[in-house]
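A.B. asks: no sequence for this one, just the structure:
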């Protein structure tokens, strides 16, 4: 449930009805502003990793609801924070998250934390071990702004986008791996496949050999599909995957087979430069097939200029919806 | 025109009447605060380069009008942003301004961007090519917080300062080159000569050989002088320039002859250490001649302590007027 | 006196009655929020050094009183600032505090500055020479957010915490040196011994040989004890110090004997790793003896996990009280 005191760590923390309620609330706040809804409320933001959309939209969202925010950046302006338990802290970190996070939480009404995957231990990252250890010391409302395996704010924004575009529930939604200069985390693909399955799509995960999403991620997505009335399959066959697709959602991620081994991962990825979305990908898709990406995206590596600058791309709508869906989450967490 | 939706990139985007209206509005907001004028409005600030006055005064100004702001710093807290077109993004930049800027603009009511000159290609910088390419993807109100060739917020603040001091329209305004450890951009001198010419001063640009401002800059200033009723000349003769001067406005800039060639520029500059303003400069000036500088300034390199700490210096007034003139711009852009 | 225009640099700037009035006001603002008390007011924050609690709590505190704030970080986002007088600025610093600080002050209603000890010249740091030189160019309200020798915001928060816990005025308050990988400044121990003495405690400073606080610090604390009705002694005898203690306040600081000499200081400190607070320290203390620390703290270097995670620790309360006591200071400075 999304109410005061809740930790919103994963889209799977929410029922389908709770997700649709948040997505609907986002649209309501967009059309019917409530500029005093969170007057006097303060959101604390902790960014262990860089950000553009999240950093801007969380602050703008609080402001649009009458609240305010502050930003803490461990390693820049604030010292590095330790998160391991039981360690003798004689290294680079001057403070432990067991002090730092409850202190920050005590200054504000809700905390948002971004902490990307450490990318060394797949099982630990799949279990979101580090983020959940941090969450365990945050007493009040907490929002996950991207952890090792979950990016629920992105999932909500993408759902809002699909609703805005009127993309039918049972249409084909292709989540495709695309190329990137280095291995990226699994948080967005894991969230996206879950979101699309829960919404009720015919979800196809298209990826080269070696880039299958972990079984735990696929199983959770299939569980979501069972609730949402959709399906989840995976393939390496691009033409088959894209046939009749209503959505091509491109995302970069590292091979789970070589998790934490950058050299082996790069070798596996080296021949895959053609996994870049260009107009040819849409030859067999639905005529109005849309291109989605959570951003940031590397032009002419993951996707060609022509697609991003063309009429299929809805990446700016997705990004803008981060604002409204996060406002909905904050509204629910801080007003109930 | 300065109205909702406008891009304010250069002082030359405004008519003389529009400039004086903004400068007058700044004084009105200073004497008659409007603490709720921009309630609920959000200003997004993108700093590609460091800042003190601009960073502080834009945020303070929004707050004083009841609005709020957020700050994005590519390369620190946010990844680096690419601005070249058509490039294959396999380098340091994770996102293109063609996505990043419209996304940020979509979160707020106006965007302010600071992006100094690249300093490699004089023609490109004179045309403000990079800033105008960024502006082209920003749909809403946009404020230039210093680009390659323009710093309109400084020009407005300096005009406000001249009005505050009662400096007569046709008095002599000397823009003098001063020494600095490295070549600095042309944005402030170009803006200053334009501003003073448009206000109607007898403008004299005083600079050593090799530091003449580019003809394009001088021509624009002469066009402004034709409107403002003033004149623009240039000289290397310090005594002649300063004779009867009401204002000495010091500024550092790199030689346009060696644009992008730091070694050659440094060699040309090496013998010019005496181009540091000290009290001797005011021997033939008007008795009440004021010293202006946009700040930051290197003490005892560009100007002697005695001048900065003495009664002629109005640098703190200029800096403070950044607040009020920017508030006027924001007020006009966001309220019409 | 704490009124509009005041510089609050040191706890010793305040009478005991003024301190208790601020500490009481903090409790009142906690129980009876005044969300519009500082509406329209702007706090400028200048951080020459990293921060977590101070950075977050000052911004959150202004927001909770209806005001707002901006943050300037010289060396990150803003260029480095020079503070030496008379220097020829041809090095790394692009601006002098003699311009930078009055400019920032002119944009806001109060300025907060954090500038740690340079740690080279003990006499200069004991006199807070650099901070007081900066304060001299700030015309309006100024709050010290930790200088070379003073951290008044921490002292107020700790006093509020002692009141919250009902720790009796004449009880034993042990300020103990604890281990740290490098020499830390004297600001917190100097403030703490002063605060506890002024509150009226039987203050014992427990420290190894070579770590006696400077005579100037001890004398000021004794002067405060004379006002507060307490006492101040020092010892190397841990058992004697801790006998009957109501408070163990742990703090790391560098040896004043080797000020500015990191190598000699490290050699003196090398055998002192056992100066880490663990449960054995409380064998002879009062049964309800509390553990205090200003944070950040290095776990299992300065204090054992078991103490921090146990019932004696009040470090989170101390940190949270930073919020309320700073709100009290801002309230008094900006509303009178």
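C.D. replies: Sure thing, it's come through. Because the structure is predicted, anything quoted here is derived from the model rather than measured.
A.B. asks: Just the element for the residue of the stretch 201-336 of chain A found nearest chain C, please.
C.D. replies: Going by C-beta to the nearest C-beta, chain C is nearest to residue A:334 of the stretch 201-336 of chain A, at 13.5 Å. Backbone N, C-alpha and C define where each C-beta goes, glycine included. Applying DSSP states H and E as the criterion places residue A:334 in helix A:315-335.
A.B. asks: got the buried residues for that helix?
C.D. replies: Within helix A:315-335, the residues that qualify as buried are A:315-334, counting by 16 or more other C-beta atoms under 10 Å in any protein chain shown.
A.B. asks: Next: stretch A:158-169.
C.D. replies: Result for stretch A:158-169 [16+ other C-beta under 10 Å]: buried residues A:158, A:159, A:160, A:161, A:162, A:163, A:164, A:167.
A.B. asks: same thing with stretch A:230-246?
C.D. replies: Buried positions in stretch A:230-246, judged by neighbour count with 16+ other C-beta under 10 Å: A:230, A:231, A:232, A:234, A:238, A:241, A:242, A:245, A:246.
A.B. asks: Can you give me every residue that contacts the residue sitting furthest away from the middle of chain A?
C.D. replies: For chain A, the residue at maximal distance from the C-alpha centroid (C-alpha atoms, centre = their mean) is residue A:90, at 34.1 Å. Neighbour list for residue A:90: C:181, C:298, C:301 [criterion: C-beta atoms under 8 Å, 6 or more residues apart in numbering or on different chains].
A.B. asks: nearest to chain A, of those residues?
C.D. replies: Nearest to chain A among these: residue C:298, at 3.9 Å, using C-beta to the nearest C-beta.
A.B. asks: gap between residue A:83 and residue A:74?
C.D. replies: 10 Å (C-beta to C-beta, to the nearest Å).
A.B. asks: Backbone dihedrals for residue A:235, both of them.
C.D. replies: With angles defined as degrees, to the nearest 10, residue A:235 sits at phi -160, psi 160.
A.B. asks: what's the distance between it and chain B?
C.D. replies: 27 Å (C-beta to the nearest C-beta, to the nearest Å).
A.B. asks: Dig out what that residue forms beta bridges with.
C.D. replies: residue A:206 (DSSP bridges).
A.B. asks: isn't it right next to residue A:203, touching?
C.D. replies: No: when contacts are counted by C-beta atoms under 8 Å, residue A:235 is not listed as touching residue A:203 (11.3 Å).
A.B. asks: pLDDT at the closest residue to chain B within chain A, what is it?
C.D. replies: In chain A, the residue that lies nearest chain B is residue A:296 (3.4 Å; C-beta to the nearest C-beta). For residue A:296, the model assigns a pLDDT of 98.
A.B. asks: How about whichever residue of chain A sits closest to chain C, nearest residue that isn't a chain neighbour?
C.D. replies: Residue of chain A nearest chain C, by C-beta to the nearest C-beta: residue A:95 (3.4 Å). Distances taken as C-beta to C-beta, 6 or more residues apart in numbering or on different chains place residue C:296 nearest to residue A:95, at 3.4 Å, with adjacent residues excluded.
A.B. asks: and the one you found, what does it touch?
C.D. replies: A:79, A:94, A:95, A:99, A:100, C:52.
A.B. asks: how does it look with 7 Å?
C.D. replies: A:79, A:94, A:95, A:99, C:52 (C-beta atoms under 7 Å, 6 or more residues apart in numbering or on different chains).
A.B. asks: Tell me the secondary structure at it.
C.D. replies: coil (DSSP: H, G, I helix; E, B strand; the rest coil).
A.B. asks: In this model residue A:144 seems to touch residue A:187, though I could be wrong.
C.D. replies: No: at 9.1 Å, residue A:187 does not count as touching residue A:144 under the criterion of C-beta atoms under 7 Å.
A.B. asks: Could you tell me which residues touch both of the two?
C.D. replies: residue A:150.
A.B. asks: if we can go back for a sec, look at the residue farthest from the centre of chain A and report its pLDDT.
C.D. replies: Here the pLDDT value assigned to residue A:90 is 96.
A.B. asks: Other residues contacting stretch A:240-252?
C.D. replies: A:167, A:171-180, A:184, A:188-189, A:192, A:204, A:206, A:235, A:277, A:281, A:284-286, A:289-294, A:302-303.
A.B. asks: Oh, that last question was meant for stretch A:49-57, not what I typed.
C.D. replies: Taking C-beta under 7 Å, 6+ apart as the rule, stretch A:49-57 contacts A:47, A:71, A:114-116, A:145, A:153, A:295-296, A:319, A:322-323, A:326, B:44, B:70, B:72, B:77-79, B:95, B:100, B:103-104, B:107.
A.B. asks: Where helices are concerned, which of those residues count?
C.D. replies: A:153, A:319, A:322, A:323, A:326, B:100, B:103, B:104, B:107 (DSSP state H).
A.B. asks: Could you dump the residues you listed into CSV with pLDDT added?
C.D. replies: Listed next are the ones in helices among the contacts of stretch A:49-57 as CSV, based on pLDDT from 0 to 100:
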residue, pLDDT
A:153, 98
A:319, 98
A:322, 98
A:323, 98
A:326, 98
B:100, 98
B:103, 98
B:104, 98
B:107, 98
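A.B. asks: quick one, strands of chain A?
C.D. replies: Taking DSSP state E as the criterion, chain A carries its strands at A:7-8, A:42-47, A:68-72, A:81-82, A:95-96, A:110-114, A:142-144, A:172-177, A:202-206, A:231-235, A:247-251, A:290-292.
A.B. asks: The contacts of residue C:296 into a markdown table, with extra columns for pLDDT?
C.D. replies: Formatted as a markdown table, the contacts of residue C:296 follow (pLDDT from 0 to 100):
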| residue | pLDDT |
| --- | --- |
| A:79 | 96 |
| A:94 | 97 |
| A:95 | 98 |
| A:99 | 98 |
| C:52 | 98 |
